[in-house]
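Below are the sequence and a predicted model for it; my questions follow.
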Amino acid sequence: MKVVDAEFVISAVSEKQYPKDDLPEFALAGRSNVGKSSLINTIVNRRKLARTSQQPGKTQTLNFYKVNNELYLVDVPGYGYAKVSKKQRAAFGEMIQDYLETRADLKGLILLVDARHNPTADDINMFNYALYLDIPILVVATKMDKLKKMEASQIKQKIGKSLDLSQENVSFLPFSSVSKLNVDKFWDWVEDKM
């Protein structure tokens, strides 16, 4: 897919605020600071469409980005070490759960994991939850440019120890926003699910 247009549409916290134009949607999930904003900016070829932050946990709503008037990328709040209260964290969880369980336009979950680390318990829970909901999953190993060649060649095997990448509905993609590694394959997966 050649991206000619990308725009931020809305930050939503409930269904009544979601876009009503019935375009296919792809949710991006991952722990805080895994590189969701960088991935969005890289794949749409815009430097500052999604705001990147040095402070993890800045995304506290569902952020809808429309691409080519054909689909939405939906950035969900990062999990992990965001400095928020337990009450806020529970509210994020409910918001994400409601979206994943009820949104008819949702065509896939893009789960970002940091290639430098093993998937966290939260990553594993999100992966298993999407499997349970029968949502197609693309596991994206971000920050591949920070790995040595040997580590990079074994990344699928390493992540596969925690996440069952052999499942029928699951795809895997090494990615780097620095080198733009696999941007085309990312869009191939999205187009296949539309």
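The structure has been received and is ready for your questions. Numbering: from 1, shown residues only.

in this structure, which spans are strands?
6-12, 25-30, 62-67, 71-75, 106-114, 137-142, 170-174 (DSSP state E).

Strand partners (parallel or antiparallel) of the fourth one?
Pointing back at strand 71-75 there. strand 25-30 (parallel), strand 62-67 (antiparallel) (DSSP bridges).

and what of the longest one?
Paired neighbours of strand 106-114 in the sheet (DSSP bridges): strand 25-30 (parallel), strand 137-142 (parallel).

TSV for those, including distance to T102, mean neighbour count and mean pLDDT?
The C-beta positions use only the backbone N, C-alpha and C, and glycine is treated the same way. Below are these laid out as TSV (distance: least, Cβ to Cβ, whole Å; neighbours: other Cβ atoms under 10 Å; pLDDT from 0 to 100):
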stretch	distance to T102	mean neighbour count	mean pLDDT
strand 25-30	12	24	96
strand 137-142	18	24	98
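
got the ones you listed as TSV, with distance to E94 columns?
Listed next are the strands paired with strand 106-114 as TSV, based on distance: least, Cβ to Cβ, whole Å:
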stretch	distance to E94
strand 25-30	15
strand 137-142	21
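
Can you say which of these is nearest to E101?
strand 25-30 (11.6 Å; Cβ to Cβ).

residues making contact with that closest one?
For strand 25-30, contacts defined as Cβ atoms under 8 Å, 6 or more residues apart in numbering pick out 36, 39-40, 64, 71-76, 78-79, 96, 99-100, 103, 105-113, 123, 126, 142, 190, 193.

that older thread, got CSV for the strands of the chain, with distance to K149 too?
Output for the strands of the chain, formatted as CSV (distance: least, Cβ to Cβ, whole Å):
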stretch, distance to K149
strand 6-12, 33
strand 25-30, 24
strand 62-67, 32
strand 71-75, 30
strand 106-114, 18
strand 137-142, 15
strand 170-174, 12
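
Between those strands, which one is closest to L163.
strand 137-142 (6.0 Å).

what angle do the closest one and strand 170-174 make?
Per axes from the mean of the first three to the mean of the last three Cα atoms, to 10 degrees, the angle that strand 137-142 makes with strand 170-174 is 10 degrees.

As CSV, could you dump the C-alpha coordinates of stretch 108-122?
What follows is stretch 108-122, C-alpha atoms only, in CSV (Å, rounded to 0.1, in the frame of the first residue of the first chain):
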residue,chain,number,x,y,z
GLY,A,108,-6.6,-7.3,13.4
LEU,A,109,-4.4,-6.7,16.4
ILE,A,110,-0.8,-5.5,15.9
LEU,A,111,1.1,-6.5,19.0
LEU,A,112,4.4,-4.7,19.4
VAL,A,113,7.2,-6.3,21.5
ASP,A,114,10.7,-4.8,22.0
ALA,A,115,13.1,-7.1,20.2
ARG,A,116,15.8,-6.5,22.9
HIS,A,117,13.7,-8.1,25.6
ASN,A,118,11.6,-11.2,26.2
PRO,A,119,7.8,-10.6,25.9
THR,A,120,6.4,-9.4,29.3
ALA,A,121,3.6,-11.0,31.2
ASP,A,122,1.4,-8.2,29.8
